[in-house]
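K.L.:
Need a 3D model of the sequence below.
(one chain, ligands or ions: 1)
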Amino acid sequence: MNTDIQKVKSFIAKYHNQKKALISILQDIQAEFNYLPQEALKFTSDYLSIPLIDIVSVATFYRSFSLKPRGKHLVTVCLGTACHVRGGPKILEEFERHLNVQAGETTKDNQFTLETVACLGCCAIGPVVVIDGNYYAQTTRRKVSLILKDYTKKEKDNEGHKEN
Ligand code: FES
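P.N.:
As a prediction, the model looks like this:
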């Protein structure tokens, strides 16, 4: 993939080329490309004179950043203790079956990345799944297919709007 370096440059300019805005700049890059491409990090490093190793340290510290390409939709299944005892692993299996990927992988069409998390801090409503920041409480196997259908339908609707 060719990274649009002009976009990266505009994100840096938005924060007046300030080193202290590194996290905000990385957030903008992540939002634009769905991950942090190597070329973008290298450019930011050179442009702001921040060692690449320091940028990578920040990028790997925060879960919201990814150094690997992610799908359009990020599916996070909680496997913390409370969600685990309420069936979290079965929910994960169901997502893996429907999406035909294992946790940590992205679907071939780049639509979904499946991840797990240790706790989302809302244990009372488990098992919890988060997709693109939307929380799904008391998820069941049956709900998994309904949730995914909803996202697939939204994609189709969006494509329909683009064609019209
Ligand atoms: S264990 Fe899942 S939200 Fe806490």
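K.L.:
Of all the residues in the longest helix anywhere in the chain, which ones are buried?
P.N.:
Secondary structure of the chain per DSSP state H: the longest helix is helix 141-163. Judged by neighbour count (16 or more other CB atoms under 10 Å), helix 141-163 contains these buried residues: 143-144, 147-148, 151. The way it works is simple: take the backbone N, C-alpha and C, and place the C-beta from them, glycine included.
K.L.:
which one among those residues gets closest to residue 101?
P.N.:
residue 148 (12.2 Å; CB to CB).
K.L.:
Setting the sequence-adjacent residues aside, check what's closest to the closest one.
P.N.:
Nearest non-adjacent residue to residue 148, counting by CB to CB, 6 or more residues apart in numbering: residue 98, 5.5 Å away.
K.L.:
hang on, that neighbour in a helix?
P.N.:
Yes - counting by DSSP: H, G, I helix; E, B strand; the rest coil, residue 98 is part of a helix.
K.L.:
who touches it in this structure?
P.N.:
144-145, 148 (CB atoms under 8 Å, 6 or more residues apart in numbering).
K.L.:
and which of those residues is nearest to residue 4?
P.N.:
Proximity of the contacts of residue 98 to residue 4 (CB to CB) peaks at residue 148, which lies at 30.3 Å.
K.L.:
Per-residue pLDDT of the closest one, please?
P.N.:
On the pLDDT scale, residue 148 is placed at 94.
K.L.:
same deal with residue 3?
P.N.:
75.
K.L.:
In this structure it contacts residue 35, no?
P.N.:
No - assessed by CB atoms under 8 Å, residue 3 is found out of contact with residue 35, at 10.3 Å.
K.L.:
Who are the contact partners of the residue of the chain found nearest the ligand?
P.N.:
Residue nearest to the ligand within the chain: residue 80 (2.5 Å; CB to the nearest ligand atom). Residues near residue 80 by CB under 8 Å, 6+ apart: 88, 117-120, 123, 126.
K.L.:
cool, and residue 59?
P.N.:
With CB under 8 Å, 6+ apart, residue 59 has these contacts: 26, 36, 41, 65, 67.
K.L.:
Three-state assignment for the first one, please.
P.N.:
Okay, so that is residue 26. Note that with three-state DSSP, the state of residue 26 is helix.
K.L.:
wait, isn't residue 138 in contact with residue 124?
P.N.:
No - with contact defined as CB under 8 Å, residue 138 does not reach residue 124; the gap is 9.8 Å.
K.L.:
ok, those two, which is more surrounded?
P.N.:
Set residue 138 next to residue 124 and count neighbours by other CB atoms under 10 Å: residue 138 wins out with 13 against 8.
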